[in-house]
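> missing the sequence, but the structure's below:
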């Protein structure tokens with residue numbers, strides 16, 4: 001964008017006429033971070049039930065890597081990004097949920113790596129007064145994930161000890177805080193000293209590295225040998241066996257991601273032998289299926305951030321054209337807390 005140019009000014013795109021356009025990151029083929037290309041595309045126009053939002057920021061999440069790499073196939077080309085926040089600039093016919101000028105956030109909707117996003121109005125969550133759009137974009141997807149994990153997947157009770165893998169990550173830091181708010185104790189894992197320090201600052205009573213046996217030893221110390229009530233694991237294959245091993249009888253392993261690779265097939269008899277364990281593979285989509293649940297869960301998380309009960313740390317900011325650098329850092333485990341793209 002040139003100096004003095006309004007973000008709503010038309011730009012020239014392919015074709016003989018000048019039409020409104022916007023900058024967006026586009027993926028035309030599956031692959032590494034290099035497939036994230038900055039392009040000019042036509043600015044969409046809202047139809048019935050839709051709202052056009054000018055983005056302030058987009059959240060960068062590991063699920064974006066799954067889509068980009070082809071692990072989760074997408075129709076090509078597409079604009080990545082499942083989480084964002086900004087201001088409604090136009091609405092289509094029949095929209096009652098939001099109005100022009102409203103600041104809103106969303107998760108699990110495509111197209112956030114762009115200056116504008118066209119979205120179903122009934123999937124937008126109002127951003128409460130006093131909370132910035134950037135913090136809302138940094139919170140909603142991972143915050144609602146952390147919320148359902150400790151409120152629904154395994155309902156943490158006062159006195160419970162749980163394990164949070166990657167406790168310095170975006171979900172990990174929020175989940176650690178929410179577990180503490182529910183009266184639980186968190187033992188975290190982290191890959192570096194700086195990440196361990198960040199996880200302890202979020203409330204983990206102890207943070208261990210990936211030395212074989214370190215997690216088992218920590219869980220034994222803090223539970224008197226009984227085992228953890230739950231393990232929240234977004235890493236997958238490399239941590240799965242130890243996650244099962246540190247659970248107490250009838251404990252719950254919530255495998256909500258696979259940043260480290262898929263879990264190989266295993267014999268279900270292992271769950272019986274280890275104490276009638278539970279393993280579940282939950283997904284945020286199934287915990288925000290209707291608007292009432294979306295508003296309840298999303299509103300609760302954003303209100304806690306606004307009120308200071310839940311602290312969100314933006315560890316890295318990248319400009320929209322540098323989306324590939326953001327993905328490179330994320331995949332190299334070179335990020336702490338939340339990563340965002342600034343889109344305006």
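Here it is on my side, so go on. Here the structure is a predicted model, which is why all the values come from computation and not from measurement.
> When you work out contacts or count neighbours from here on, use the C-alpha atoms and nothing else.
Will do.
> is it true that residue 137 lies in a helix?
Yes. Under DSSP: H, G, I helix; E, B strand; the rest coil, residue 137 sits within a helix.
> So it sits against residue 55, correct?
No. With contacts defined as CA atoms under 8 Å, residue 137 does not count as touching residue 55, sitting 9.4 Å away.
> Counting neighbours, go ahead and name the busier of these two.
Under the criterion of other CA atoms under 10 Å, the comparison of residue 137 against residue 55 puts residue 137 first, with 32 against 27.
> The more buried one: what's it in contact with?
The neighbours of residue 137, taking CA atoms under 8 Å, 6 or more residues apart in numbering as the test, are 57, 58, 59, 83, 84, 85, 105, 106, 340.
> Let's see if you can find the most crowded of these.
Taking other CA under 10 Å to define a neighbour, the member of the contacts of residue 137 with the most is residue 84, carrying 38 neighbours.
> residue contacts, the residue lying closest to residue 107 once chain neighbours are set aside?
If the residues on either side of it in the chain are set aside, residue 107 comes closest to residue 83, at 4.3 Å by CA to CA, 6 or more residues apart in numbering. Shown in contact with residue 83 (CA under 8 Å, 6+ apart): 58-60, 105-110, 112, 137, 140-141.
> Could you check how far residue 242 is from residue 213?
From residue 242 across to residue 213, the span is 8 Å (CA to CA, to the nearest Å).
> related to what we said a few turns ago, quick one: which of the contacts of residue 83 sit in strands?
For the contacts of residue 83, membership in strands holds for 58, 59, 60, 105, 106, 107, with DSSP state E as the criterion.
> Let me know how buried the last one is, in neighbour terms.
Number of residues near residue 107 (other CA under 10 Å) recorded here: 27.
> So which residue is smack in the middle of the chain?
Compute the mean C-alpha point of the chain, and by CA atoms, centre = their mean the closest residue is residue 142, 3.3 Å away.
> tell me the contacts of the closest residue to residue 46 other than its chain neighbours?
Excluding its sequence neighbours, the residue lying closest to residue 46 (CA to CA, 6+ apart) is residue 92, at 4.9 Å. Contacts were defined as CA under 8 Å, 6+ apart; by that measure residue 92 touches 46, 47, 48, 49, 50, 51.
> at 10 Å what do you get?
45, 46, 47, 48, 49, 50, 51, 52, 120, 121 (CA atoms under 10 Å, 6 or more residues apart in numbering).
> Same question for residue 110.
Residues counted as contacts of residue 110 (CA under 10 Å, 6+ apart) are 64, 78, 79, 80, 81, 82, 83, 84, 117, 118, 119.
> For those, which entry has the maximal number of neighbours?
Top of the contacts of residue 110 by neighbour number is residue 84, holding 38 neighbours under the definition other CA under 10 Å.
> element containing residue 302?
For residue 302, the element it lies in under DSSP states H and E is helix 291-307.
> hang on, the earlier thing: would you reformat the contacts of residue 83 as CSV and include pLDDT and distance to residue 287?
CSV is the format used below for the contacts of residue 83 (pLDDT from 0 to 100; distance: CA to CA, whole Å):
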residue, pLDDT, distance to residue 287
58, 98, 21
59, 96, 19
60, 95, 20
105, 98, 17
106, 98, 14
107, 97, 12
108, 94, 11
109, 95, 14
110, 93, 18
112, 98, 21
137, 97, 19
140, 96, 13
141, 95, 11
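> just these now: which is nearest residue 30?
Closest approach between those and residue 30, by CA to CA: residue 110, at 16.0 Å.
> separation between the closest one and residue 67?
Distance of residue 110 to residue 67, given as CA to CA: 10 Å.
> Which neighbours do these two have in common?
Both residue 110 and residue 67 are in contact with 78, 80, 81, where contact means CA under 10 Å, 6+ apart.
> which stretches of this protein aren't confidently modelled?
Across the chain, the stretches falling below the confidence threshold (pLDDT under 70) are 1-19.
> Pop the domain breakdown of the protein in here.
Partitioning the chain according to automatic domain parsing yields domains covering residues 21-140+288-342, 157-281.
> so can I have JSON lines of the ones you listed showing distance to residue 150?
Compiled in JSON lines, the domains of the chain are given as follows (distance: least, CA to CA, whole Å):
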{"stretch": "domain 21-140+288-342", "distance to residue 150": "12"}
{"stretch": "domain 157-281", "distance to residue 150": "7"}
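> export the contacts of residue 92 to CSV and tack on distance to residue 132 and secondary structure?
Compiled in CSV, the contacts of residue 92 are given as follows (distance: CA to CA, whole Å; DSSP: H, G, I helix; E, B strand; the rest coil):
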residue, distance to residue 132, secondary structure
45, 26, coil
46, 25, coil
47, 28, coil
48, 28, coil
49, 25, coil
50, 23, strand
51, 20, strand
52, 19, strand
120, 22, strand
121, 20, helix
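> are any of these buried, and which?
Buried residues within those, counting neighbours by 16 or more other CA atoms under 10 Å: 46, 47, 49, 50, 51, 52, 120, 121.
> For the fifth one, list the residues it contacts.
Read that as residue 51. Under the criterion of CA under 10 Å, 6+ apart, the contact partners of residue 51 comprise 44-45, 87-93, 95, 97-100, 117-122, 124.
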